[in-house]
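In: Pasting the sequence and the predicted model now:
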Amino acid sequence: MKIPDKKDRKTFDEEIDLKVQRKLKAQHNDKKSVWFGLGMMGIVGWTIAVPTLLGVALGVWLDKNYPQSLSWTLSFLIIGLLVGCLIAWHWILKEHKEMNENKDENDD
């Protein structure tokens with residue numbers, strides 16, 4: 001068995017330090033758990049559902065108070081759905097970007 005010299009020992013220590021730092025950082029920024037995935041689905045669902053329901057409520061109120069030949073309820077349902085989808089899309093892109101930035105930092 002070969003005894004490592006000081007140079008080999010230093011690089012080995014640096015490798016271990018780097019791995020420890022990565023592991024601690026990964027534990028601190030652990031967003032890839034099952035709970036994070038379920039939470040993300042819940043947030044995306046509510047992000048879409050709330051504007052849609054608010055649009056429907058506004059549409060029903062407008063249909064009762066200001067009847068027109070077009071359906072306010074259907075119009076605002078579609079508008080609320082589109083707004084909710086845009087908000088969810090923006091939020092998911094932000095999370096995806098943040099996760100990729102963390103991945104790039106861990107690779108360094």
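Out: That came through fine. All of these numbers come straight from a predicted model, not from anything done at the bench.

In: Count the neighbours of residue 18 for me.
Out: 11 (other CB atoms under 10 Å). C-beta: built from backbone N, CA, C; applies to glycine.

In: hmm, I was thinking of residue 11
Out: As a burial measure, residue 11 scores 11 neighbours (other CB under 10 Å).

In: residues in contact with the residue lying closest to residue 48 once chain neighbours are set aside?
Out: Leaving out its chain neighbours, the residue that sits closest to residue 48 by CB to CB, 6 or more residues apart in numbering is residue 84, at 3.8 Å. Residue 84 is in contact with 47, 48, 49, 50, 51, 52, counting by CB atoms under 8 Å, 6 or more residues apart in numbering.

In: and residue 87, how far is that from residue 42?
Out: According to CB to CB, to the nearest Å, residue 87 and residue 42 sit 14 Å apart.

In: the more surrounded of these two?
Out: Comparing residue 87 with residue 42 by neighbour count (other CB under 10 Å), the higher total belongs to residue 87, at 15 against 10.

In: check contacts around the more buried one.
Out: Residue 87 sits next to 47, 48, 51 when contact means CB under 8 Å, 6+ apart.

In: does it sit in a helix, a strand or a coil?
Out: Recorded secondary structure, residue 87: helix (DSSP: H, G, I helix; E, B strand; the rest coil).

In: what helices or strands is the helix or strand residue 36 falls within leaning on?
Out: Using DSSP states H and E, residue 36 maps to helix 34-65. If contacts are counted by 3 or more CB pairs under 8 Å, 6 or more residues apart in numbering; DSSP states H and E, helix 34-65 sits against helix 72-107.

In: In the helix it packs on, which residues are buried?
Out: Buried residues in helix 72-107, counted by 16 or more other CB atoms under 10 Å: 72, 73, 75, 76, 77, 79, 80, 81, 83, 84, 88.

In: Done for today, thanks.
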